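> mind looking at a prediction? Sequence and model below.
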Amino acid sequence: DRYLSLHTMRAIEQDLAALYEAVRRGCPKASTDSSTDLIVAAVVIGRDSLIATLAESIGTTLAANSGRRIDSIEFPGFPNETGVAIAERTATDTIAVGDATISPGDRVRLYLQGLNYSDRLSERRQIFGAGAHSCLGRQLSLDCWRALIPILSSVRRTVGSVDRSYLTNRIFVMPDRIRVRLEP
């Protein structure tokens, strides 16, 4: 990327080389060049989507409860936001959606964040997808979320304000910074 410094590029290359080596050591049966590339890509994408989902869910929950003590907030049982803003698929069958017809081969873009605002719990849970298109990191995301809730729920301070800024990214809703001002 032309906007990265040489130092940053070298650091990224070193991190990727270490990840490739860890995959080759940890998964020797799956370590063909092409399969290693896929495993490394899944780890990198999974990390970003996990961090984005957890950070956005915590930020949104705290912002919605400004003025309340954190230990009195009822956190949802699963992340209530997704860091994955979109998913794209290619239609395999003809389907009618309202007045539109989607033909085989058409690219379909799903805007997953809209599901977060549904009144129906079953729709909000679809942020992880379903069936064959279910998120590979769903269980890890749920495990991390469930581990964070008791820690957050032990904070005996009041949420004063929540300020968020975001990284420019076309795939993930990635908070750059979440600043929470706590009051006694």
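Nice, I can see it. As the structure is a computational prediction, the values presented were derived from the model and not from experiment. Numbers count the residues shown, from 1 in each chain.

> confidence-wise, which helix or strand of this structure is lowest on average?
The helix or strand of the chain with the poorest confidence is helix 121-124; it has a mean of 61 (mean pLDDT, DSSP states H and E).

> just give the number of residues close to the residue nearest to residue 57 when sequence neighbours are not counted.
Nearest residue to residue 57, sequence neighbours excluded (CB to CB, 6 or more residues apart in numbering): residue 79, at 3.9 Å. Backbone N, C-alpha and C define where each C-beta goes, glycine included. Residue 79 sits with 27 neighbouring residues when counted by other CB atoms under 10 Å.

> other SSEs contacting the following helix or strand past the least confident helix or strand of the chain?
Using DSSP states H and E, the next helix or strand after helix 121-124 towards the C-terminus is helix 138-153. If you count contacts as 3 or more CB pairs under 8 Å, 6 or more residues apart in numbering; DSSP states H and E, helix 138-153 packs onto helix 33-64.

> and the helix or strand just after the helix it packs on, how far from the chain's centre?
Once the chain leaves helix 33-64, the next helix or strand it forms, by DSSP H and E, is strand 86-90. Between the centre of strand 86-90 and the centre of its chain there are 15 Å (CA atoms, centre = their mean, to the nearest Å).

> neighbouring strands of strand 86-90 in the sheet, and parallel or not?
Strand 86-90 has the following sheet partners, assigned by DSSP bridges: strand 107-111 (antiparallel).

> buried stuff in the strand it pairs with?
Neighbour counts using 16 or more other CB atoms under 10 Å place residue 110 of strand 107-111 among the buried residues.
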